[in-house]
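Student: Below: sequence and its predicted model.
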Amino acid sequence: MRTLNYNIEAMKLSICTYGFIPLRSEAKEQSEMVNQILFGDVYEVVEEHEKWSKVRLLYDDYWGWIDSKLVVSLVDKEVQKWMEMTKWVAPGPFVKVVSEPDKSAHYLSGGSSIYFNGQDNGSFVIGSNEYYLSSNYSSTKKVGSLSDIALSYLNTPYLWGGRSFYGIDCSGLMQIVYKIAGHFLPRDASQQVQLGTIVNFVEEAVAGDLAFFDNEQGQITHVGMSLGKGEIIHASGRVRIDKFDHQGIFDAEHKRYSHKLRFIKRII
């Protein structure tokens with residue numbers, strides 16, 4: 001687990017209480033979505049402009065703009081307690097919770113963070129809302145391997161800036177898979193490639209190793225996870241499994257290489 005050291009008193013903090021909140025590059029609806037804030041994520045409001053709030057995610061220091069109507073006003077002590085306590089990370093691709101008193105259903109994507117602070121087992125409270133984990137899920141069940149987690153996202157559609165089962169991009173998939181397994185990864189592929197140790201040959205790659213791919217300018221533009229035996233799972237059009245070798249990812253459907261291999265890194 002990562003240790004967070006922040007001056008809480010100097011911040012305006014909130015917790016995401018939606019399945020996800022789109023995080024945009026600019027303070028307007030037409031701007032691109034660069035990320036998604038998942039349920040249970042704590043964020044700092046650093047600036048407000050008309051109906052928009054510029055925020056920073058405390059998990060990975062990612063910045064962007066969200067609709068101010070989605071910022072829930074909470075007591076500082078409640079947010080601080082939520083930050084400090086060990087949380088259950090929802091397994092992929094999603095879990096269902098029910099909120100009181102209207103008994104409405106919420107589908108939380110894998111990677112959402114929950115601190116069970118309610119009176120009953122499997123319940124939690126954020127602000128004035130109380131939630132119950134559906135009986136179909138257990139917070140005590142052990143998560144599978146990195147491969148198992150990644151495979152649960154198969155056929156999830158690709159979405160730039162996405163990191164949920166509604167849509168996910170390549171680095172978002174890697175970050176969430178590792179988060180569910182209990183390991184931290186930064187958000188973008190260009191940041192993720194800075195971690196770990198180099199694996200020299202594709203034949204030496206094991207399940208969980210990350211493979212990075214570049215463009216003609218040498219910029220890292222894509223990432224996927226080795227499943228071992230020359231297979232890779234990645235988000236390209238959809239979350240899919242392809243073969244890869246020292247050249248890159250081979251798209252058997254179109255009989256061509258879709259991505260050029262740059263590095264393989266062992267993160268854990």
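Tutor: Cool, the structure landed. Residues are numbered from 1 along each chain as shown.
Student: quick one: secondary structure of the nearest residue to Q219 once chain neighbours are set aside?
Tutor: Closest residue to Q219 apart from its sequence neighbours, by CB to CB, 6 or more residues apart in numbering: S190 at 7.4 Å. All C-beta spots, glycine's among them, are computed from the backbone N, C-alpha and C. Three-state call for S190 (DSSP: H, G, I helix; E, B strand; the rest coil): helix.
Student: okay, now S190: neighbour count?
Tutor: Residue crowding around S190 was assessed by other CB atoms under 10 Å; the count is 14.
Student: Hmm, it is touching H222, no?
Tutor: No. The criterion here is CB atoms under 8 Å, and S190 misses it with H222 at 10.6 Å.
Student: if we can go back for a sec, what's the separation between the residue nearest to Q219 and K260?
Tutor: 16 Å (CB to CB, to the nearest Å).
Student: what sits against the closest residue to G110 other than its chain neighbours?
Tutor: In space, and not counting its chain neighbours, G110 is closest to G92: 3.0 Å by CB to CB, 6+ apart. Contacts of G92 were listed using CB atoms under 8 Å, 6 or more residues apart in numbering, and they are S109, G110, G111, I149, S152, Y153, F165, I176, V177, I180.
Student: Show me what the longest strand along the chain is packed against.
Tutor: If you go by DSSP state E, the chain has its longest strand at strand 256-266. Here strand 256-266 touches strand 197-198, strand 210-214, strand 220-228, strand 248-251, going by 3 or more CB pairs under 8 Å, 6 or more residues apart in numbering; DSSP states H and E.
Student: among these, which is nearest N129?
Tutor: strand 220-228 (35.1 Å; CB to CB).
Student: chain center to the closest one: distance?
Tutor: Centroid displacement of strand 220-228 relative to its chain, using CA atoms, centre = their mean, to the nearest Å, is 16 Å.
Student: Okay, buried residues for it please.
Tutor: Residues I220, T221, H222, V223, G224, M225, S226, L227 are the ones in strand 220-228 that count as buried (16 or more other CB atoms under 10 Å).
Student: Same question for stretch 207-218.
Tutor: A207, G208, D209, L210, A211, F212, F213, D214.
Student: Dig out what the last one forms beta bridges with.
Tutor: The residues paired with D214 through beta bridges, assigned by DSSP bridges, are I220, K260.
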